[in-house]
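*Asks:* Curious how this folds, go ahead:
(one chain, ligands or ions: 1)
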Amino acid sequence: NALNYQSKTILSKRQMKDAENYLPGGVTANIKYFAPYPIVMKKGKGAWLTDVDGNSYVDYLMGYGALALGHGHSRMNDAITEQLNQDGTHLFGTPHLKEVEFAKKIQQYYPSIKKLRYTNSGTEATQLAIRIAKVFTKKKKIAKFEGHYHGGFKEVLYSINPPLTEAGAIDRPIAVPESAGVEVDGLEPFILPFNDVEGVEKIISQSHQEIAAVLIEPVQAGFILAEQAFMDKLRELTLKYGIILIFDEIKTGFRIALGGAQELYRIDPDITTLGKIIGGGFPIGLVGGREDIMEVSSPKRGFDVFEAGVDGKETAKDVLFHSGTYNGHPTILAAGLATIQELEVSFPQIVNYTMELRKRIEEVGLKSGIPIRTYGAGTVFNVVWNEEKKLRHYRDLLQSNTMKRKELDFELLQLGVYTKPLNRYSISAAHGDKELDHTISAYENVCYCFKEGSG
Ligand code: PMP
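*Replies:* A predicted model of the protein is given here:
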């Protein structure tokens, strides 16, 4: 079947060979790579992707969840065109009207966000959130959960995918570096066990004097849900010990619900990070939260009006410096605003598609005797091949059969259903009956073949 894959993707293979001459590993982000070589896409339209060999696929990767409306939605295209034609691309790096208009829209769905700052990616957002928390609490370290991803920088590149042999006890995980150049050097984060109230309580109560912030994906990787009691306890503990609770909602924002995981769990974090969907497919990130916390980055602090900027005194030393040439980019905010406005109309329909798709995938699994189940919420889920109906954290996921899931993914790829092997499914407003039928018939084909193969 690897041979089938290669015979359908000859031009992808050739293109990737050429790409290797110019890009390390042929890719511009490590996550884009998979063996034997990734498919090179040429075009996206609505819910469909077309690759360089001319194969088409229903797209469930959706730009790693960033595309809530599908590829090239007219409402978003119109918004960008209008911005470019009427007001200009970049507005010379000055304050502009969309920065506040967009902030008000965010606050409507994320009332815990009283003040916010824009960044250019999710990675930058979590980085800034951590920096703000450290300045505010005057503490030096953070805590994050095993299996949770927060971007590509040293402070958080620990214990995302650790091998069990190195990961420590289940209720007291050890920080395992995830990248070259990342070490256990005393500044590594505390690693917390997800969905484990006692484990978390023990670590936090012992080390709270060092912990500025707890950073969490409230729905791990967009599909492993935190339990309500666990989230309530985490909020209680962080308040008790003066620790900033940061919800990384870059994946879950406008997906789990319009108001993200904080709407689902009815919890106000101190800081929230958002990204992906809010940029309508363009690079963006955002950090927002409690007013007193966010104000650490205000350049007005410590100065009288007009004093700032005089004699080179642009900011006081105790102000957290945050800047960026492209922050609050008007074209991107226009794309994001149009996306959110369209989602206000179409979100329930996307949730319905998602629920129907999950139900029918599970039905195929049941009927064919293949142990696949779906996990997730809102418009995002994943398919897990596991015999046991239990998925509460990273170590449960390790017990599932990822080899089989990968095989399933490669078969589905060849039948025109795309997600990167092992990746979750993100649904968009462009997915409809045609895509649902196409997907389910591919699942039926593959699952019944698997069954025969194993029997
Ligand atoms: N946090 C989470 C939860 C994410 O899912 C991601 C991206 N997958 C990031 C942070 C990093 O965002 P970006 O890729 O935009 O830097």
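
*Asks:* okay, and for the stretch 251-400 of the chain, where does confidence drop off?
*Replies:* 302-316 (pLDDT under 70).

*Asks:* Tell me which stretches of it form helices.
*Replies:* 260-265, 291-294, 330-368, 394-399 (DSSP state H, counting those that start in this stretch).

*Asks:* most packed of these?
*Replies:* Most buried of those by mean neighbour count (mean count of other Cβ atoms under 10 Å) is helix 260-265; its value is a mean of 23. Just so you know, the C-beta spots here come from the backbone N, C-alpha and C atoms, and that holds for glycine as well.

*Asks:* Packing partners of it?
*Replies:* Packing contacts for helix 260-265, counted by 3 or more Cβ pairs under 8 Å, 6 or more residues apart in numbering; DSSP states H and E, involve helix 228-240, strand 244-248, strand 271-275.

*Asks:* Out of these, which one sits most buried?
*Replies:* Greatest burial across the helices and strands packed on helix 260-265, using mean count of other Cβ under 10 Å, falls to strand 271-275, with a mean of 29.

*Asks:* what lines up beside that strand in the sheet?
*Replies:* Counting by DSSP bridges, the strands paired with strand 271-275 are strand 244-248 (parallel), strand 285-289 (antiparallel).

*Asks:* just checking, residue 426 touches residue 64?
*Replies:* Yes: in this structure residue 426 lies within contact range of residue 64 using Cβ atoms under 8 Å: 7.5 Å.

*Asks:* any idea how far stretch 198-212 is from the chain center?
*Replies:* With Cα atoms, centre = their mean, to the nearest Å as the basis, stretch 198-212 stands 26 Å off its chain's centre.

*Asks:* can you list the residues that contact that stretch?
*Replies:* 130, 133-134, 136-143, 170-172, 190, 192-193, 214, 230, 233-234, 237-238, 241-244 (Cβ atoms under 8 Å, 6 or more residues apart in numbering).

*Asks:* Between residue 426 and residue 64, tell me which one has more neighbours.
*Replies:* Neighbour tally, residue 426 and residue 64, criterion other Cβ atoms under 10 Å: the higher count belongs to residue 426, 29 against 18.

*Asks:* Relative to the ligand, which of the helices of the stretch 251-400 of the chain is closest?
*Replies:* helix 260-265 (10.6 Å; Cβ to the nearest ligand atom).

*Asks:* and that closest one, is it in reach of the ligand?
*Replies:* No: in terms of Cβ under 6 Å from any ligand atom, no part of helix 260-265 sits within range of the ligand; the closest distance is 10.6 Å.

*Asks:* what's the offset of that helix from the middle of its chain?
*Replies:* 15 Å.

*Asks:* residue boundaries of the strands in the stretch 101-250 of the chain?
*Replies:* 115-119, 141-145, 168-169, 172-173, 190-192, 211-216, 219-220, 224-225, 244-248 (DSSP state E, counting those that start in this stretch).

*Asks:* Once you drop chain neighbours, what's closest to the one residue in the chain that gets nearest to the ligand?
*Replies:* Minimum separation of the chain from the ligand (Cβ to the nearest ligand atom) falls at residue 122, amounting to 2.1 Å. In space, and not counting its chain neighbours, residue 122 is closest to residue 275: 3.3 Å by Cβ to Cβ, 6 or more residues apart in numbering.

*Asks:* Please name the residues that touch the one you found.
*Replies:* Residue 275 sits next to 66, 121-122, 125, 250, 253, 284-286 when contact means Cβ under 8 Å, 6+ apart.

*Asks:* out of the residues you listed, who's nearest residue 332?
*Replies:* Ranked by distance to residue 332 (Cβ to Cβ), these are led by residue 284 at 5.3 Å.

*Asks:* from what I can see the closest one touches residue 337, true?
*Replies:* No: between residue 284 and residue 337 there is no contact under Cβ under 8 Å: 11.2 Å.

*Asks:* Need the contacts of residue 275 in JSON lines (columns: neighbour count and distance to residue 385).
*Replies:* Below are these laid out as JSON lines (neighbours: other Cβ atoms under 10 Å; distance: Cβ to Cβ, whole Å):
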{"residue": "66", "neighbour count": "22", "distance to residue 385": "26"}
{"residue": "121", "neighbour count": "17", "distance to residue 385": "32"}
{"residue": "122", "neighbour count": "29", "distance to residue 385": "28"}
{"residue": "125", "neighbour count": "30", "distance to residue 385": "33"}
{"residue": "250", "neighbour count": "30", "distance to residue 385": "26"}
{"residue": "253", "neighbour count": "29", "distance to residue 385": "28"}
{"residue": "284", "neighbour count": "29", "distance to residue 385": "34"}
{"residue": "285", "neighbour count": "27", "distance to residue 385": "33"}
{"residue": "286", "neighbour count": "30", "distance to residue 385": "35"}
